[in-house]
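In: Have a look; sequence and predicted model below, questions after that.
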Amino acid sequence: MGGNRGGPSPTGKKSDGTSGTWDLSAGSYFQNADADKGLHTSQDARFYAISSKFDKSFSNKGKRLVIQFSVKHQQNIDCGGGYIKVLPGGYDAGAFSGDSSYNIMFGPDICGPSHKIVHFILNRKGENRLIKRNVAAESDEFTHSYTGVLNSDNTYAIYVDGEKKQDGSIEDDWSILPPKQINDPAQSKPKDWVDDPMMDDPTDVKPADWDATPAEVVDPEAKKPEDWDDELDGKWEAPKIPNPDYKGPWRAKRINNPAYKGAWQHPQIANPDYKPDSELYLFDSNAAVGIELWQVKAGSIFDNFLVTDDLDMALGRTKAINSRREAEKAAKKVDDDRKAAEAKKDEPAAEEEKKEDL
């Protein structure tokens, strides 16, 4: 595992026994059994927390900040996190948990078929601010790299497997600053404003016999049960069924409203609370990288941690990770082909056994 120096630090165990155990593993399919080993979640339905300090806490003032790592969900993850956190100076490694404050949280989060996203959360003034735009996370069983970038011009980018998936303005894509424009509190929609494009046709008149047709009628096919006793059971009444001739409540036809003015737009004014901030990208103290997450089904492998200001170098490293993924796919195919061949070889014996049972 490269990028941040110093070994991983253990965390305090949860008193309720829900802390999971980390080990090292390259997984079932790999390019190199030793080189591909990473931090591995080994127990189902557990919380996991581990961190590693940098040699020295640093500020990214005036510089690009690049956070990169790889994760392999070899368990075909159905619900669980796969993200990392950049932690501020002064954090307690021994008590690192979900309650610990962080600067940045970045990486994939998966739960069910409809929730497969890349989190990018910035902590500002004690509040965790989630990016407003979604990037799809990978959920197969192979190694994928995730790269989050904060630039000193208040822009950002997200890469998956070295390919840019999203970029833009931090101010636009996070709700950190108040909006530049707000509704003018002195303005309100005029009482006579017509915003319904349709109206009842004033010439359409309800037919005089409209309400003569009941909603229900007696079921003509219903017959009094032979064992029905009027003295014991009361007077028998045939059940009712929906009337096929019932037209429902009468409503006048709708026509275009000649007085329609369109949707009313609230006039905007400059927000007096808005103040630009040229340092939305900035964290004065970056001291460590940590993993803190919950996994229903364990088996994820984290590796290739990197925190740098050199985006070209980071993206260059994703090429090696991409090669690892292709090697994993090839190894799995060989294994799948072997299993298929063995299953086919066993088919005659299975058929013979089935005949004997019959």
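Out: Structure received.

In: wouldn't residue 294 be in contact with residue 77 here?
Out: No: if you go by Cβ atoms under 8 Å, residue 294 and residue 77 don't touch, sitting 11.6 Å apart. Quick note: C-beta positions are derived from backbone N, CA and C, even for glycine.

In: which one of these two has more residues nearby?
Out: Between residue 294 and residue 77, residue 77 has the larger neighbour count (other Cβ atoms under 10 Å), namely 26 against 16.

In: ok now do that one, which residues does it touch?
Out: By Cβ atoms under 8 Å, 6 or more residues apart in numbering, the contact set of residue 77 is 110, 139, 295, 297, 299-300.

In: Most neighbours among these, please name it.
Out: Taking other Cβ under 10 Å as the neighbour criterion, residue 300 ranks highest of these with 26 neighbours.

In: For that residue, give the beta-bridge partners.
Out: Counting by DSSP bridges, residue 300 forms beta bridges with residue 73.

In: so what's it scoring on pLDDT?
Out: The score at residue 300 is 96. That number is its pLDDT.

In: which one of the contacts of residue 77 is nearest residue 66?
Out: Set against residue 66, the nearest of the contacts of residue 77 by Cβ to Cβ is residue 300 (22.0 Å).

In: ok, that closest one - contacts?
Out: Counting by Cβ under 8 Å, 6+ apart, residue 300 makes contact with 40-41, 71-75, 77, 80, 82.

In: any idea how far residue 72 is from it?
Out: Counting by Cβ to Cβ, to the nearest Å, the gap from residue 300 to residue 72 is 7 Å.

In: same question, residue 36
Out: To residue 72, residue 36 is 9 Å away according to Cβ to Cβ.

In: neighbour count winner among the two?
Out: Per other Cβ under 10 Å, whichever of residue 36 and residue 72 has more neighbours is residue 72, with 31 against 21.

In: Tell me which residues of stretch 170-180 come out buried.
Out: Burial within stretch 170-180, assessed by neighbour count using 16 or more other Cβ atoms under 10 Å, is assigned to 170-171, 173-174, 177.

In: Other residues contacting that stretch?
Out: Residues outside stretch 170-180 that contact it (Cβ under 8 Å, 6+ apart): 122, 124, 129-133, 150, 154-156, 270-271, 273-277, 280-281.

In: what's the burial count for residue 128?
Out: Applying other Cβ under 10 Å, we find 13 residues neighbouring residue 128.

In: ditto for residue 197
Out: Residue 197 has 12 neighbouring residues, counting by other Cβ under 10 Å.

In: quick one: contacts for it?
Out: With contacts defined as Cβ under 8 Å, 6+ apart, the neighbours of residue 197 are 256-257, 260.

In: do that again at 6 Å, thanks
Out: The contact partners of residue 197, taken as Cβ atoms under 6 Å, 6 or more residues apart in numbering, are 257, 260.

In: quick one: it from residue 106, how far?
Out: Using Cβ to Cβ, residue 197 is found at 46 Å from residue 106.

In: In TSV, list the contacts of residue 77 along with distance to residue 52.
Out: Formatted as TSV, those follow (distance: Cβ to Cβ, whole Å):
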residue	distance to residue 52
110	24
139	26
295	20
297	25
299	21
300	17
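
In: Nearest to residue 342, out of the residues you listed: which one, please.
Out: Nearest to residue 342, judged by Cβ to Cβ, of the contacts of residue 77 is residue 299 at 24.1 Å.

In: surely that closest one meets residue 76?
Out: No: using Cβ atoms under 6 Å, residue 299 and residue 76 do not qualify as a contacting pair, with a distance of 8.4 Å.

In: so where do the helices sit in the stretch 151-300 of the chain?
Out: 170-173, 230-233 (DSSP state H, counting those that start in this stretch).

In: Work out the gap between the last one and the centre of the chain.
Out: Taking the mean C-alpha point of helix 230-233 and that of its whole chain, the gap between them comes to 63 Å (Cα atoms, centre = their mean, to the nearest Å).

In: Other residues contacting it?
Out: Applying Cβ under 6 Å, 6+ apart, helix 230-233 turns out to have no external contacts.

In: What residues of it count as buried?
Out: By neighbour count with 16+ other Cβ under 10 Å, helix 230-233 contains no buried residues.

In: quick check, nearest of the contacts of residue 77 to residue 202?
Out: Nearest to residue 202, judged by Cβ to Cβ, of the contacts of residue 77 is residue 110 at 57.0 Å.
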